[in-house]
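Student: need a structure here:
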Amino acid sequence: MRISPARRLVGATSVAAVAVLALAAPASAHVTVQPGSAQQGGYTAVDFRVPNESDTASTVKLEVNLPLDHPMASVRVLPVPGWTAVLEKSKLDKPLNSHGKDITEAVSKITWTAEGGAKIAPGQFQEFKVSLGALPTDTEKVTFKALQTYDNGDVVRWIDEAKEGQPEPAKPAPVLTLTKAPAAAGADHHAAGSADTAKDAAKDGEKTGHAVAKGDDSTARTLGVVGIVVGVIGAALGVLGLRRKSSAS
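Tutor: I've put the predicted structure just below:
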């Protein structure tokens, strides 16, 4: 059965249209923390990036929960025009020692609320910057469960935690990955390397010193022998001269 050129053109056009629609379909955007990693025990500034996923509603509130099982003594927010930030503290089961002081409560929640017409409209995103520290040293990640509220009353709960070996959940919680600081290990390695270099240099110096001493000793011996030979020759010439004078007389 022959397929007419017109049908072929229609078929090709349909395939192309499907491909274009597939590429045009927006990927699911999540509430995330940027950058996604920091060093254990340090201080860092992160952005909670909030995209608006609705085509008809705007985001007007964001709530971020900080884990109390890994509390941080210092939590500060950078003002965002049109948004108010409220920091809530909770009492800790175990005091947190910070710079020699015991901290009995820590920030457990930050809520940003839009005011005066501010919002995250469809097709837009907003970043909320927070300074955190000191980051915990006994875990490899910090999870911040977040709630995103729209002006139509919808609430998206970004609270699901990813599990190893399983697909990413539909509404994953923002996660900050913590890495070990390489400074201490690097310093030890550098110190060890410097010590080894110093030892090698000392050994080379000793070898060089021995070589120079041997060279000087050999030179002195050679000069001594040459002096003796010259002295003997001089004495022989003197005796020969005396004999010639005696013969002439």
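
Student: Residue ranges of each domain in this protein, please.
Tutor: Domain segmentation of the chain under automatic domain parsing yields 28-181, 199-249.

Student: ranking these by burial, who's on top?
Tutor: domain 28-181 (a mean of 15; mean count of other CB atoms under 10 Å). The way it works is simple: take the backbone N, C-alpha and C, and place the C-beta from them, glycine included.

Student: Poorly predicted segments of the chain, please.
Tutor: Filtered on pLDDT under 70, the chain yields the residue ranges 1-28, 183-249.

Student: Show me where it has its strands.
Tutor: 32-34, 37-39, 44-51, 59-65, 74-77, 83-98, 101-114, 125-133, 141-143, 145-150, 155-158, 175-179 (DSSP state E).

Student: how about those strands in JSON lines, adding distance to Q166?
Tutor: Putting the strands of the chain into JSON lines (distance: least, CB to CB, whole Å) gives the following:
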{"stretch": "strand 32-34", "distance to Q166": "19"}
{"stretch": "strand 37-39", "distance to Q166": "21"}
{"stretch": "strand 44-51", "distance to Q166": "24"}
{"stretch": "strand 59-65", "distance to Q166": "23"}
{"stretch": "strand 74-77", "distance to Q166": "31"}
{"stretch": "strand 83-98", "distance to Q166": "30"}
{"stretch": "strand 101-114", "distance to Q166": "28"}
{"stretch": "strand 125-133", "distance to Q166": "27"}
{"stretch": "strand 141-143", "distance to Q166": "16"}
{"stretch": "strand 145-150", "distance to Q166": "18"}
{"stretch": "strand 155-158", "distance to Q166": "17"}
{"stretch": "strand 175-179", "distance to Q166": "15"}
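
Student: Mind checking those for the one nearest to P169?
Tutor: strand 155-158 (9.5 Å; CB to CB).

Student: What is the closest one packed up against?
Tutor: strand 145-150 (3 or more CB pairs under 8 Å, 6 or more residues apart in numbering; DSSP states H and E).

Student: State the phi and psi torsions of L68.
Tutor: Phi and psi for L68, reported as degrees, to the nearest 10, are phi -80, psi -10.
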